[in-house]
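# Dropping a prediction and its sequence here:
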Amino acid sequence: MTDYMVRATAADAQIRAFAVMTRELTETARAAHNTSPVVTAALGRLMTGALMMGSMLKGEKDILTLQIRGAGPVHGITATADAAGHVKGYADNPQAMMPPNGEGKLDVGGVIGAGVLHVMKDMGLKEPYASTVTLQTGEIADDLTYYFAASEQIPSVVALGVLMNRDNTVRQAGGFIIQLMPFTAEEVISRLEERLTKITPVTELLEAGKTPEELLESVLGEFGLEITDRMPVGFHCDCSRERVEKVLLSLGKKDLQEMINEGKEVELHCHFCNRNYAFSVEEVERLMKAGDTR
């Protein structure tokens, strides 16, 4: 099934919700970066959260970036998403390993360790919105839940999950976000809190074949769930040779001349999709001359 996301409301718009299936895009990222199982789980969770948060952006060109910096062996993970269902991400140390946790599951919190979560929203203003919160568990869903409460004052529940096959490919991935509006009645809040104590883990719901709609139905069905939007989502890196050429030009004439003098091929690497772009000495000379004529 192709990855997609749904947006919804419930309890007469007192609750808004998002749910997404991300198995294919998480597998795309795993294959591109050759991530270990525990890093695949961490990166998949962060990209899943970024996709849903990206869909909250207002402008077509707005960009959301989630960046985790931790003391664990993965060091850091970054995911970037937009409002159109595109996401990309990478891990600083894609091969980081960590023994299973006490429950015998992938120890995402352990591979990340103590650290911080940076949330940046580029909305075309002079300065992007930026907020930093301390990681609560490193399990990512808990940390995003805390971010919404601490930085945006929006009571939220974030659930994220990635399940791996024995051959280390991605078996299931997805999640949901449920948020309370400022005017939510106390009675609705109490009923929702009680319902959430009984919810089945996301990976179990996905493994049972639940769709994003059914993920939300399992939590909000009794609140008059209304699906308002469906959209495809996927791993998408917007790097290109033309964009990389612009990066080279931005280095300035002095740096370009030094590269030319070294007489070696110049190679630039895209962290997000793991592609390399090679430029011969002649190509660098051509770029420098083109820059002079602009």
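Yep, that arrived.

# Now do the helices in the stretch 151-294 of the chain.
The residue ranges that make up the helices of the stretch 151-294 of the chain, judged by DSSP state H, counting those that start in this stretch, are 186-196, 202-207, 212-220, 241-250, 253-262, 281-292.

# Give the other helices and strands that the third one contacts.
This points to helix 212-220. strand 4-10, strand 15-21, strand 170-180, helix 186-196, helix 202-207 (3 or more C-beta pairs under 8 Å, 6 or more residues apart in numbering; DSSP states H and E). In this view, the C-beta of every residue, glycine as well, is placed from N, C-alpha and C.

# how far out from the middle of the chain is that helix?
21 Å (C-alpha atoms, centre = their mean, to the nearest Å).

# still on that earlier bit, is it possible to get CSV of the helices of the stretch 151-294 of the chain that adds mean neighbour count and mean pLDDT?
Formatted as CSV, those follow (neighbours: other C-beta atoms under 10 Å; pLDDT from 0 to 100):
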stretch, mean neighbour count, mean pLDDT
helix 186-196, 13, 94
helix 202-207, 20, 95
helix 212-220, 21, 96
helix 241-250, 14, 83
helix 253-262, 13, 82
helix 281-292, 14, 78
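
# re the thing from before, right, so of the helices and strands packed on helix 212-220, which gets closest to residue 61?
Among the helices and strands packed on helix 212-220, strand 4-10 comes nearest to residue 61, with 19.2 Å by C-beta to C-beta.

# and the closest one, which residues are buried?
4, 5, 6, 7, 8, 9, 10 (16 or more other C-beta atoms under 10 Å).

# pretty sure the third one is touching residue 227, no?
What that stands for is residue 6. Yes: with contacts counted by C-beta atoms under 8 Å, residue 6 reaches residue 227, the gap being 5.3 Å.

# And the strands in the stretch 1-150 of the chain?
Ranges of strands in the stretch 1-150 of the chain, per DSSP state E, counting those that start in this stretch, are 4-10, 15-21, 63-70, 76-82, 86-91, 115-122, 129-134.

# Quick one: closest of those strands to residue 150.
That would be strand 129-134 among these, by C-beta to C-beta, at 5.4 Å.
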